[in-house]
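# Fold the stuff below for me.
(one chain, ligands or ions: 2)
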Amino acid sequence: MEGDACCFENWTIAGGDGLALLDIRNLNIRFSSSANKGKRKKAESAPFHAVSDLNLQVQEGEIVCLVGESGSGKSVSAMSILGLLAGTGRVEGEILFSGKNLLSLTEREMDEVRGRGIAMIFQDIMYSLNPVLTIGFQMVEGLRRHMRMGEGDARKRAMQLLEKTGLPDPQQVMRKYPHQLSGGQRQRVMIAMALTCSPKLLIADEPTTALDVTIQLQIMELIRSLRDETGMGVLLITHDIGVVAEMADRVYVMYAGQCVEEGSVEKVLGHPSHPYTLALMQSVPAIHQSRDRSLFSIDGAVPERYDLLPGCRFATRCPKRASCPYTADDTLYETSGGHVRCRLSAQTGGGAA
Ligand SMILES: Nc1ncnc2c1ncn2[C@@H]1O[C@H](COP(=O)(O)OP(=O)(O)OP(=O)(O)O)[C@@H](O)[C@H]1O
Ligand SMILES: [Mg+2]
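Ligands and ions are numbered 1, 2, ... in the order given. Next comes the predicted model:
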């Protein structure tokens, strides 16, 4: 490996000093909503506040899940970490990676962080792989560019990484174009590509949504074993509570652009406090559930302009809304071992809220 020194290599990586690998503080993301401005009411044409005051930490070697319904702000939060919203969204707050605020880095410095420090597996895989280049070419180019490797070393390393992800014939895979692989194979290739530069943090945005259950399980096991082997931190985005239960050390539940509950997986899934978390748990069909019993679903959908809602954003769908005296309150309360954005739950100790 030839690897020149770069600005990222000189950073101290989080460790025994108690510093989180990733420490997001008061993250706010706004998009200008200029479309149809003339036809909209004044409030509706105001910038769309997609994510409000998100605080999230990932420690070295930890798997943290970000879970929530479609449109709750999971992907934009992840993309803001890698500076991928520049030009479209306004990002405020602090995103500390090994103690450095990524929001204050230059584009060149950020380029070093992408890949070498943080790698991301995107939600839409077909957009992430270049359809007109072979897998081998894309991997070798990545290694040459980010790791400054020569052609031969890069090729050897690419094969090793593909092998590591369980692909049976790496040499063959290197010669193929993305459309010549199955969904599961493409997913493994994406993981191999994300690992090319030995990242400290892997962000995986719904990495198994399009895959069948057995392949999903294999991919999750792969991510977990790579975490065990390399000690990297993982931020895993999903809307699947089953994946959270299987994978997470800690979990953040998002609803309408806010974190509504946070804590260890045992706490959040074992004793959910927020009514939304509780509803998410009830929505998971049990394998032995009688076929006559109808499946549980949460009434309604995430409101489109959720940022314009005053107070509790879940109030319109909450089963307790009629008797809750606190619908005007959207404070995040500290609980034993976590946080919950519901005063009623915080007072009653959750679960029954
Ligand atoms: N470039 C953009 N401009 C304006 N609004 C955007 C933009 N990107 C995302 N949004 C809005 O931000 C909100 C959060 O989107 P995001 O993609 O983060 O949702 P998500 O939680 O990842 O959902 P899913 O589970 O469907 O992937 C949505 O209302 C979405 O429409
Ligand atoms: Mg998403």
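# quick one: pLDDT of the nearest residue to Leu22 once chain neighbours are set aside?
Leaving aside its chain neighbours, Leu22 sits nearest to Val58 (4.2 Å; criterion: Cβ to Cβ, 6 or more residues apart in numbering). Every C-beta, even on glycine, is put in place using the N, C-alpha and C of the backbone. pLDDT for Val58: 98.
# again, but for Gln185
Note for Gln185: predicted pLDDT of 88.
# likewise the one 5 residues further on?
pLDDT recorded at Met190 is 89.
# Then the one 4 residues further on?
At Ala194, the model reports a pLDDT of 87.
# List the pairing partners of the host helix or strand of Glu334 within its sheet, with orientation.
Using DSSP states H and E, Glu334 sits in strand 333-335. Neighbouring strands of strand 333-335 in its sheet, by DSSP bridges, are strand 338-340 (antiparallel).
# neighbouring contacts of the helix or strand following the strand it pairs with?
Reading on from strand 338-340 to the C-terminus, the next helix or strand found by DSSP H and E is helix 343-348. The contact list for helix 343-348 (Cβ atoms under 8 Å, 6 or more residues apart in numbering) reads 273-275, 320, 324-326, 329, 331, 333, 335, 340, 351, 353.
# Mind checking which of these land in strands?
With strands taken from DSSP state E, the overlap with those comprises Tyr333, Thr335, Val340.
# Enumerate the beta-bridge partners assigned to the second one.
Using DSSP bridges, the bridge partners assigned to Thr335 are Gly338.
# Tell me, how many residues neighbour it?
Each residue near Thr335 was counted by other Cβ atoms under 10 Å, and the total is 20.
# so it sits right up against Ser273, yeah?
Yes. Using Cβ atoms under 8 Å, Thr335 is in contact with Ser273, at 6.1 Å.
# per-residue confidence at the residue of the stretch 51-200 of the chain found nearest ligand 2?
Nearest residue of the stretch 51-200 of the chain to ligand 2 (Cβ to the ion) works out as Ser75 at 3.1 Å. Model confidence at Ser75, given as pLDDT, is 94.
# Give me every residue in the stretch 1-150 of the chain lying close to ligand 1.
Residues of the stretch 1-150 of the chain lying close to ligand 1 by Cβ under 6 Å from any ligand atom are 31, 48, 50, 68, 70-76, 88, 123.
# returning to that earlier point: what residues does the residue nearest to Leu22 make contact with?
Counting by Cβ under 8 Å, 6+ apart, Val58 touches Ala20, Leu21, Leu22, Val64, Leu201, Gly233, Val234, Leu235.
# Would you confirm that the third one contacts Leu96?
Yes. Counting by Cβ under 8 Å, Leu22 does reach Leu96; the two are 7.2 Å apart.
# the more surrounded of these two?
Neighbour count, other Cβ under 10 Å: between Leu22 and Leu96, Leu22 has more, with 25 against 19.
# Report all helices and strands that the longest helix along the chain contacts.
Counting by DSSP state H, the longest helix found in the chain is helix 213-230. Helix 213-230 is packed against strand 63-68, helix 183-194, strand 201-205, strand 233-238, helix 241-247, with contacts defined by 3 or more Cβ pairs under 8 Å, 6 or more residues apart in numbering; DSSP states H and E.
# isn't there a strand covering Gly87?
No. Judged by DSSP: H, G, I helix; E, B strand; the rest coil, Gly87 forms no part of a strand; its state is coil.
# Could you point out which residue ranges in the stretch 251-353 of the chain have low pLDDT?
285-296, 349-353 (pLDDT under 70).
# interface residues of the stretch 201-350 of the chain facing ligand 1?
Residues of the stretch 201-350 of the chain found near ligand 1 (Cβ under 6 Å from any ligand atom) are His239.
# Before we go further, Ile24 is sitting in a strand, right?
Yes. The assignment for Ile24 by three-state DSSP puts it in a strand.
# Could you check how many residues crowd around it?
24.
# Against Asn55, how distant is it?
Distance, Ile24 to Asn55, by Cβ to Cβ, to the nearest Å: 6 Å.
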